[in-house]
Every structure is written in C-alpha cells, then in structure tokens.
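Chemist: generate coordinates for the sequence data below:
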Amino acid sequence: MQQSKTKTIRKAFRSAFPHTIPIFAGFWFLGLTYGIYMNVSGFSFWYPMLMSLTIFAGSMEFVAVNLLLGAFNPLQALVMTLMINARHLFYGISMLDRYRGTGWKKLYLIFGMCDESFSINYTANIPEDVDRGWFMFFVTLLNHFYWFSGATLGGIFGSLLHFNTEGLDFVMTAMFVVIFMEQWLKEKRHTSALVGVGLSLLCLIAFGADDFMIPAMAAILAALTGLRGRLERGGEAS
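Modeler: Numbering: from 1, shown residues only. Predicted structure coming up:
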C-alpha cells in the first residue's frame, strides 16, 4: 500500500515538474531581484526569506518594502494588499471544482495559488494515470520553492552582486504570452480567448493601465459564465 502511494506521488512529481521549468527561470530572476532590493534597502536576508515563504505574493512583497520603511499604518497595508491581490478572488472561484476532493492538499493549494500556478493547474492536460491532487500540489510547491530560493539567495548575496536589473520583470509577461499561445493552439474555437482579450482592451481604455485589472477580471468572469453552456457544447470548456 505504502509502495503504491509512493509510486503515485513520484509519478505526479515527474509529470508536474516539466510544466514548472519556464516558471523557474522567471521566478529566479525576479526572486533574486527582490532579495537584492531588500538587501540594498537595509534589510537582513531573513526578511526576503520569511516573506517569500509566508506571503508568497510577488507584487505585494515588493510593495511591502515601502510599507516597512514608511510610517506604521496597518489599515493602508490591508487595503493595498486587497487591491493588489483582488484578482485571486476570481482565480479561487475558477478553481473550486478543480480543488474538490484533494483532501488536506487543498489548504496548501489555496495558500500557494499564484498567477503562474493557477495558469498551469487550470490549463494543463493532466494524464489520466496521474493523480490530479498531487499534480497540482507539486506545481504549487515547486513554484513556491523557486520564488523562495531566489529571494533568499538574492538577500544573502545581494551586497556582492552589482548589475542592472531594469527590464527583468518582462520575463513574466513573456511567459504569460507563451501560456496564452499554447492555450490558443489547443482550442479548436477561440471564443473564450477573444472574449478575454477584447474585454481587457475595453477595460484598459475605460479605466487606464493602473485600474483596469479588477474590472477586466469581473467582466471576463461574467461573460464566460454567461457563455459557459455554448462553450461546453463547442468543446472549449476546460
């Protein structure tokens, strides 16, 4: 029994790992940058190490540097955190069915959900002989470890490294473009992709680059919910 369970876990790990390799490249660059940023801001490596382990929200961790250096204002920190990470509300709704039946792993899957883990776990074609819960668990765990290790090493060796990190954040943008293209190629019809792009552009024009994300996510969720039946009949439902 124990041997069978070990085999199941190993198979899930081997299946999940290749999906996370692009994330490794992006997370290590950004994690190192974050650790270096914390170091030059006057913080010990313990700060990026513990924050990347317990917060695990890249954008918020960068913002947290200024919050720690500024005046004590917990209400401002709470509101800013909710605004920056509000998109995870929509991620969570989308993953309700996916996380059902995963047992104790569900708690970590909820805590460790980030943009990249959501993208993989939501779109990946998991082989039938691979345990779905363990697959998603390892995707989440590996991505968490990549960010944690990068941030920790950046905090430790930040004072020894001197290079221009401008533009490194584009790595993550490029990665999401690749994920979008892969999903586009999988679909026979592209209704959901076109709806997402179209509504995002409309919200970008209406609300501006700084405030369009939440309205866009809400509009996409509402539109895809209304079109769910048609998408399922057309074979586009995940």
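
Chemist: pretty sure residue 152 sits against residue 50.
Modeler: No - using Cβ atoms under 8 Å, residue 152 makes no contact with residue 50, being 9.3 Å away. Where C-beta positions appear, they are placed from N, C-alpha and C, glycine not excepted.

Chemist: neighbour count for these two, which is higher?
Modeler: Neighbours were counted for residue 152 and for residue 50 using other Cβ atoms under 10 Å; residue 152 has more, 20 against 15.

Chemist: that one - nearest residue in space that isn't next to it in sequence?
Modeler: Take residue 152 and drop its neighbours on the chain: the residue closest to it by Cβ to Cβ, 6 or more residues apart in numbering is residue 49, 4.3 Å away.

Chemist: the one you found is in contact with residue 151, isn't it?
Modeler: Yes - with contacts counted by Cβ under 8 Å, residue 49 reaches residue 151, the gap being 6.6 Å.

Chemist: between these two, who's got more neighbours?
Modeler: residue 151 (32 against 20).

Chemist: relative to residue 60, how far out is that one?
Modeler: Note on residue 151: its distance to residue 60, by Cβ to Cβ, to the nearest Å, is 13 Å.

Chemist: what is the lengthiest helix in the chain packed up against?
Modeler: Longest helix of the chain, by residue count under DSSP state H: helix 2-40. Judged by 3 or more Cβ pairs under 8 Å, 6 or more residues apart in numbering; DSSP states H and E, helix 2-40 is in contact with helix 46-54, helix 58-69, helix 115-123, helix 132-157, helix 170-186.

Chemist: point out the most buried one among these.
Modeler: helix 132-157 (a mean of 22; mean count of other Cβ atoms under 10 Å).

Chemist: can you name every helix or strand that it contacts?
Modeler: helix 2-40, helix 46-54, helix 96-99, helix 105-111, helix 115-123.

Chemist: at 6 Å instead, please
Modeler: helix 2-40, helix 46-54, helix 105-111, helix 115-123 (3 or more Cβ pairs under 6 Å, 6 or more residues apart in numbering; DSSP states H and E).

Chemist: so for the first one, what's the average pLDDT?
Modeler: Yep, that's helix 2-40 we're talking about. For helix 2-40, the mean pLDDT works out to 89.

Chemist: cool, stretch 136-152 as well?
Modeler: Stretch 136-152 comes out at a mean pLDDT of 96.

Chemist: who's in contact with that stretch?
Modeler: Residues from elsewhere that reach stretch 136-152 (Cβ atoms under 6 Å, 6 or more residues apart in numbering): 12-13, 16, 20, 23-24, 27-28, 31-32, 34-35, 48-49, 52-53, 56, 105, 109, 112, 116-117, 120-121.

Chemist: now do 7 Å
Modeler: With contact meaning Cβ atoms under 7 Å, 6 or more residues apart in numbering, stretch 136-152 is reached by 12-13, 16-17, 19-20, 23-24, 27-28, 31-32, 34-35, 45, 48-49, 52-53, 56, 58, 102, 105, 108-109, 112-114, 116-117, 120-121.

Chemist: could you do stretch 4-12 as well?
Modeler: Contacts for stretch 4-12 (Cβ under 7 Å, 6+ apart): 130, 131, 134, 135, 138.
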